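**Q** Take a look and give me a structure for this.
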Amino acid sequence: MSPSPHTRSVAYTWPRANWKGFLRLSLVTCPVALYPATSESEKISFNQLNRQTGHRIKYLKVDADTGDEVPNEDIVKGYKVDTDTFIEVTKEELENVALESTRTIEIDEFVDKTDIDPRYLIRPYYLRPDGKVGHDAFAVIRETIREMDKVAIGRLVLTSREHIIALEPLDKGLMGTLLRYPYEVRDPKEYFDEIQDVKVTKDMLDLARHIVNQKSGSFEPDKFEDQYETALVDLINQKRAGKPIVPKDRPKGENVVDLMDALRKSVVGAAAETTAAKKPVKKAKKAAAGQKEMLMPIAGKKPAKETAVKKPASGARRKSA
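**A** Here you go, the predicted structure:
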């Protein structure tokens with residue numbers, strides 16, 4: 001019997017570095033390794049199945065004209081010139097494109113963090129010394145950036161492309177954020193030019209400002225729950241238990257006829273939410289016997305053992321022999 005969603009016991013392994021090389025500030029150099037700062041591996045993912053057999057779908061790489069399957073060793077990269085013309089580029093030719101940033105993050109300049117437009121941010125990484133040497137040089141670079149209250153801008157080659165990377169101190173290491181190039185950021189005028197110019201009255205702003213003040217707080221990621229992920233876990237567990245799936249009512253969008261009236265009602269609603277949020281939360285009831293396998297485990301604890309099932313649950317597929 002396969003484990004329930006979010007109850008899989010997985011031994012923790014140190015993540016593999018996405019990149020290894022050197023970090024250099026003028027003549028100060030140290031070996032470093034780059035690791036992804038985020039992960040989506042814990043999210044529920046689905047496989048595509050054949051509805052008739054329940055078997056997984058497998059994709060093959062085939063020649064577009066002959067339909068024959070092509071082995072990986074015969075697949076090369078090509079740049080499309082026109083409909084039927086491609087310029088073939090070999091792996092060796094790509095490796096011969098000499099870029100110093102292939103093995104070194106050279107810090108080119110230091111900028112204020114506020115100077116970086118959020119649209120240019122791609123994804124964060126952790127940068128740490130690689131091995132037992134170079135910790136002193138790494139600390140000098142890290143503390144210099146921290147002391148100057150700046151962000152260091154450099155370049156590195158990742159997944160065969162050169163990227164701009166912004167480095168800033170984070171605890172004992174550095175956080176590196178990949179940045180987009182200007183040609184990758186679209187002009188907002190293409191989307192915003194047709195927005196109507198509307199004059200907002202002072203009364204409307206005052207009411208809206210009051211709502212904002214009632215809902216103001218500090219950003220605490222732990223307060224937010226991935227409700228869709230939770231709903232997926234519930235759906236899968238219900239299907240495994242053979243329970244009927246009842247579709248939920250979808251919220252209906254309604255046109256606002258009286259904007260001032262909507263703002264006033266929102267003020268009252270925001271006040272009620274604030275009051276409710278301050279009330280102590282009751283402890284959840286203990287799960288009934290036999291339901292442990294349907295629950296998500298508490299962080300740091302081993303998942304409960306699952307009970308044996310005599311027959312497959314409704315909605316479950318078993319691979320044929």
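
**Q** Look up phi and psi at Ala64.
**A** Backbone torsions of Ala64, given as degrees, to the nearest 10, read phi -60, psi -30.

**Q** and it, what is it in contact with?
**A** Contacts here follow Cβ atoms under 8 Å, 6 or more residues apart in numbering; on that basis Ala64 touches nothing. All C-beta atoms are positioned from the backbone trio N, CA, C, and that covers glycine.

**Q** just Glu143 next, same as before
**A** Glu143 sits next to Pro169 when contact means Cβ under 8 Å, 6+ apart.

**Q** May I ask which helix or strand encompasses it?
**A** Under the criterion of DSSP states H and E, Glu143 resides in helix 135-148.

**Q** In that helix, which residues are buried?
**A** For helix 135-148, burial by neighbour count (16 or more other Cβ atoms under 10 Å) applies to Ala137, Phe138, Ile141, Arg142, Thr144, Ile145.

**Q** Isn't the last one up against Phe110?
**A** So that's Ile145. Yes: under the criterion of Cβ atoms under 8 Å, Ile145 makes contact with Phe110 at 7.3 Å.

**Q** Need the overlap of contacts for the two.
**A** Contact criterion Cβ under 8 Å, 6+ apart; residues shared by Ile145 and Phe110: Val151, Ala152.

**Q** distance of Lys189 from Arg146?
**A** 38 Å (Cβ to Cβ, to the nearest Å).

**Q** now do Asp82
**A** 52 Å.

**Q** before we move on, back to that, tabulate the buried residues of helix 135-148 in a markdown table, adding columns for pLDDT and distance to Leu34.
**A** Output for the buried residues of helix 135-148, formatted as a markdown table (pLDDT from 0 to 100; distance: Cβ to Cβ, whole Å):
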| residue | pLDDT | distance to Leu34 |
| --- | --- | --- |
| Ala137 | 95 | 17 |
| Phe138 | 96 | 13 |
| Ile141 | 95 | 15 |
| Arg142 | 96 | 15 |
| Thr144 | 94 | 20 |
| Ile145 | 95 | 16 |
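
**Q** does Ala270 sit in a helix or strand, and which one?
**A** Counting by DSSP H and E, the element that carries Ala270 is helix 259-278.

**Q** Return the set of buried residues in that helix.
**A** Judged by neighbour count (16+ other Cβ under 10 Å), helix 259-278 contains these buried residues: Leu263, Ser266, Ala270.

**Q** Kindly indicate which of the residues you listed lies nearest Asp130.
**A** Ranked by distance to Asp130 (Cβ to Cβ), those are led by Ala270 at 50.0 Å.

**Q** contact partners of stretch 182-202?
**A** Counting by Cβ under 8 Å, 6+ apart, residues outside stretch 182-202 touching it are Asp117, Arg119, Tyr120.

**Q** pLDDT of that stretch, averaged?
**A** What stretch 182-202 shows for mean pLDDT is 93.
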